[in-house]
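Chemist: here's a sequence, model it:
(one chain, ligands or ions: 1)
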Amino acid sequence: MTQQWKCTDYQTYADFVPALGVDVLGLLNPQTGEKILDLGCGDGALTSKILALGADVVGLDAADELATAAEKRGLSILRLDAHGFSMPCTFDAVFSNAAMHWMHSPEKVIANVAASLKPGGRFVAEQGGFGNVAALSTAILAALDAMNLPLPEKFPWDFPTPEQQTQRLENAGLRVDVMQLFYRPTPLPKGIKGWLQTFISPFVDGASEKDRENVIHHAVRWLTPILKDASGQWMADYVRLRYRATKP
Ligand SMILES: C[S@@+](CC[C@H](N)C(=O)[O-])C[C@H]1O[C@@H](n2cnc3c(N)ncnc32)[C@H](O)[C@@H]1O
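Modeler: Numbering: from 1, shown residues only. Presented below is the predicted three-dimensional model:
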């Protein structure tokens, strides 16, 4: 399963992602001079906010185009896969917004996060939680099926329950201080097509451009009565999991 990130799509159709990440930034509460890692920082919109609050922040991301956009903001970026990074006891905090659910082996990533925290350091994150984008995902899978295209062997996103994520964090030696699952219907002012275009890549790995367009076309048709209201406003069926865990 490959992820494909196009910076112009992300900044045009998914600018609400870092905008809504400001709340979890409040939970991070970065302090002047703290060393902070922004894991899966994307184009660095939130990383630059952490920098502006006086922290010594570094971003980490595996997507070249987004990492380049983050560097253009003047940020320090590590182009690494979160499954493989190793910086023992370096950070006061690791922060992550809307990135953990893209990682295929979250236990491994959480172990790396725990190892990279100083004693007393915190991991503060928000990601998709159990039930996130259920209608959107079902429409994509149904469209693939209707077109006789292969379904992904494994569902590409990880949307854990609070209990599952708590267990994973505890298994890595972290103490969970906050764990909240909440429904957050999310307006998509630029519509559903742009959302699908931006995020569909792991479902259509290897498909032709035409097939990809057709999958999006079918999915939009099926989603219209569910996620589009009478005024024409699209809402994504988001469920978020927000947490803070501390290294003893
Ligand atoms: C939806 S974007 C969120 C970006 C940013 N945190 C924000 O709030 O705008 C998800 C990001 O996670 C990154 N990502 C996904 N899997 C990754 C991995 N295994 N290692 C590093 N980065 C990863 C992607 O490249 C992408 O930039």
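Chemist: so what touches the longest strand belonging to the chain?
Modeler: The residue-count maximum for a strand in the chain (DSSP state E) belongs to strand 117-128. The contact list for strand 117-128 (C-beta atoms under 8 Å, 6 or more residues apart in numbering) reads 21, 23-24, 27-28, 39, 89-101, 110, 113-114, 157-159, 169, 174, 177, 238-248. Using the backbone N, CA and C atoms, a C-beta is placed for each residue, glycine as well.
Chemist: is it true that Met147 touches His217?
Modeler: No - counting by C-beta atoms under 8 Å, His217 is not a contact partner of Met147; they are 10.0 Å apart.
Chemist: any idea of the mean pLDDT for the very next helix or strand once past the longest strand of the chain?
Modeler: Next helix or strand after strand 117-128 toward the C-terminus (DSSP states H and E): helix 134-146. Averaged over helix 134-146, pLDDT sits at 97.
Chemist: tell me the buried residues in helix 134-146?
Modeler: 135-137, 139-141, 143-144 (16 or more other C-beta atoms under 10 Å).
Chemist: go on, stretch 115-127?
Modeler: For stretch 115-127, by 16+ other C-beta under 10 Å, it's 115-117, 121-127.
Chemist: any residue of that stretch touching the ligand?
Modeler: No - applying C-beta under 6 Å from any ligand atom, one finds stretch 115-127 separated from the ligand by no less than 8.6 Å.
Chemist: tell me the mean pLDDT over that stretch?
Modeler: 98.
Chemist: re earlier: among the buried residues of stretch 115-127, which one sits closest to Leu66?
Modeler: Nearest to Leu66 among those is Gln127, at 16.9 Å by C-beta to C-beta.
Chemist: look up which residues are beta-bridged to that closest one.
Modeler: Leu241 (DSSP bridges).
Chemist: returning to what we had before: show me which of the buried residues of helix 134-146 is closest to the ligand.
Modeler: Minimum distance to the ligand across those is 14.0 Å, recorded for Leu136 (C-beta to the nearest ligand atom).
Chemist: so how far is Lys35 from the closest one?
Modeler: Shown here: Leu136 relative to Lys35, a distance of 37 Å by C-beta to C-beta, to the nearest Å.
Chemist: next to the ligand, which bits of this structure? Give me the list.
Modeler: So the chain meets the ligand at 3, 5, 17-18, 21, 40-42, 45-46, 61-63, 66, 81-83, 97-99, 102-103 (C-beta under 6 Å from any ligand atom).
Chemist: tell me which of these fall in strands.
Modeler: Using DSSP E, the residues of the chain next to the ligand in strands are Asn97.
Chemist: so which of the residues of the chain next to the ligand are in helices?
Modeler: When the residues of the chain next to the ligand are checked against helices (DSSP state H), the matches are 17-18, 45-46, 66.
Chemist: tabulate the residues you listed (JSON lines), appending pLDDT and neighbour count.
Modeler: Shown next, in JSON lines, are those (pLDDT from 0 to 100; neighbours: other C-beta atoms under 10 Å):
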{"residue": "Val17", "pLDDT": "93", "neighbour count": "19"}
{"residue": "Pro18", "pLDDT": "93", "neighbour count": "22"}
{"residue": "Ala45", "pLDDT": "97", "neighbour count": "20"}
{"residue": "Leu46", "pLDDT": "98", "neighbour count": "25"}
{"residue": "Leu66", "pLDDT": "97", "neighbour count": "23"}
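Chemist: closest to Gly232 among those residues?
Modeler: So of these, ranked by how close each gets to Gly232 (C-beta to C-beta), first place is Val17, at 22.1 Å.
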